[in-house]
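*Asks:* got a predicted structure plus its sequence, pasted below:
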Amino acid sequence: FSLFYVSRNFSKFVALQQKNTTTQQRTHRTMTTTPYDEELNFSIDIAYEAGAIAMEFCRNRVDSALGIEQKLDDTPVTLVDKQLDLFIKEALEKKFNDILVVGEESSSSIDSKKPLEKGRVFYVDPIDGTKEFISNSGEWCVMIGLNVDGVPTVSVVYVASTDQLFYAVKGYGTYLLENN
């Protein structure tokens, strides 16, 4: 029941969110111009979408449908985590097919705890603060980062419950977008 409920409703929430995004385009304006503007702006767009989808689950929650499991490190993961991980990874891979994408919740032969030393790699944590997401405290966020040759270069953190988005680009500062 849980898997079916989340999978079926996740598709509805994604479709609804995409419809709302097209009718009500989010306007975000980054404060700088960097060599990574394309990756930054797309990451911001995807973080907003993923956060909105997760917030729909918070507003319309059915606790039994969260499908809470324990990972090997004894931390919880929900079906929403897994679905958002897939949603974000697929969007990034489609847009940037030359950049490896490592999601926290998806299986991978790559050690996601060790940054790759060569090339560009997106790291995704679709719901950082899963325990808080489960308790519906609002103290969770969507995180997307880009490493270039093993160095953290772009970071996007979206706190959907407060509509605050933090972003940074190495060498260009850290910024906050609020209540867009």
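*Replies:* Everything's here; your move. Numbering: from 1, shown residues only.

*Asks:* how close does E56 get to L40?
*Replies:* Separation of E56 from L40 (C-beta to C-beta, to the nearest Å) stands at 25 Å. Every C-beta, even on glycine, is put in place using the N, C-alpha and C of the backbone.

*Asks:* who has more neighbours out of the two?
*Replies:* For E56 and L40, the more surrounded residue by other C-beta atoms under 10 Å is L40, and the numbers stand at 23 against 19.

*Asks:* so what's that one up against?
*Replies:* Applying C-beta atoms under 8 Å, 6 or more residues apart in numbering, one finds that L40 lies in contact with 30, 34, 154, 156, 167, 169.

*Asks:* grab the nearest non-local neighbour of the first one.
*Replies:* Just to be clear, that refers to T30. Take T30 and drop its neighbours on the chain: the residue closest to it by C-beta to C-beta, 6 or more residues apart in numbering is L40, 6.3 Å away.

*Asks:* and the one you found, that's in a strand?
*Replies:* No: applying DSSP: H, G, I helix; E, B strand; the rest coil, one finds L40 to be helix, outside a strand.

*Asks:* could you number the chain from 16 rather than 1 from now on?
*Replies:* Sounds good: first residue 16 from here, last item L55.

*Asks:* among the contacts of L55, which one sits closest to I149?
*Replies:* Of all these, I149 sits closest to V171, with 23.0 Å by C-beta to C-beta.

*Asks:* looks to me like that closest one is in a helix.
*Replies:* No: V171 sits outside any helix when classified using three-state DSSP, being strand.

*Asks:* wait, which of the contacts of L55 is closest to W155?
*Replies:* The nearest member of these to W155, counting by C-beta to C-beta, is V171 at 14.7 Å.

*Asks:* and the strands in the protein, which stretches?
*Replies:* 84-85, 91-92, 115-118, 135-143, 156-163, 166-174, 179-184, 188-193 (DSSP state E).

*Asks:* would you list those strands in JSON lines and tack on distance to A106?
*Replies:* JSON lines is the format used below for those (distance: least, C-beta to C-beta, whole Å):
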{"stretch": "strand 84-85", "distance to A106": "24"}
{"stretch": "strand 91-92", "distance to A106": "20"}
{"stretch": "strand 115-118", "distance to A106": "9"}
{"stretch": "strand 135-143", "distance to A106": "10"}
{"stretch": "strand 156-163", "distance to A106": "10"}
{"stretch": "strand 166-174", "distance to A106": "13"}
{"stretch": "strand 179-184", "distance to A106": "17"}
{"stretch": "strand 188-193", "distance to A106": "19"}
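
*Asks:* any idea which of the ones you listed scores lowest on pLDDT?
*Replies:* Of all the strands of the chain, strand 84-85 carries the lowest average pLDDT, namely a mean of 88.
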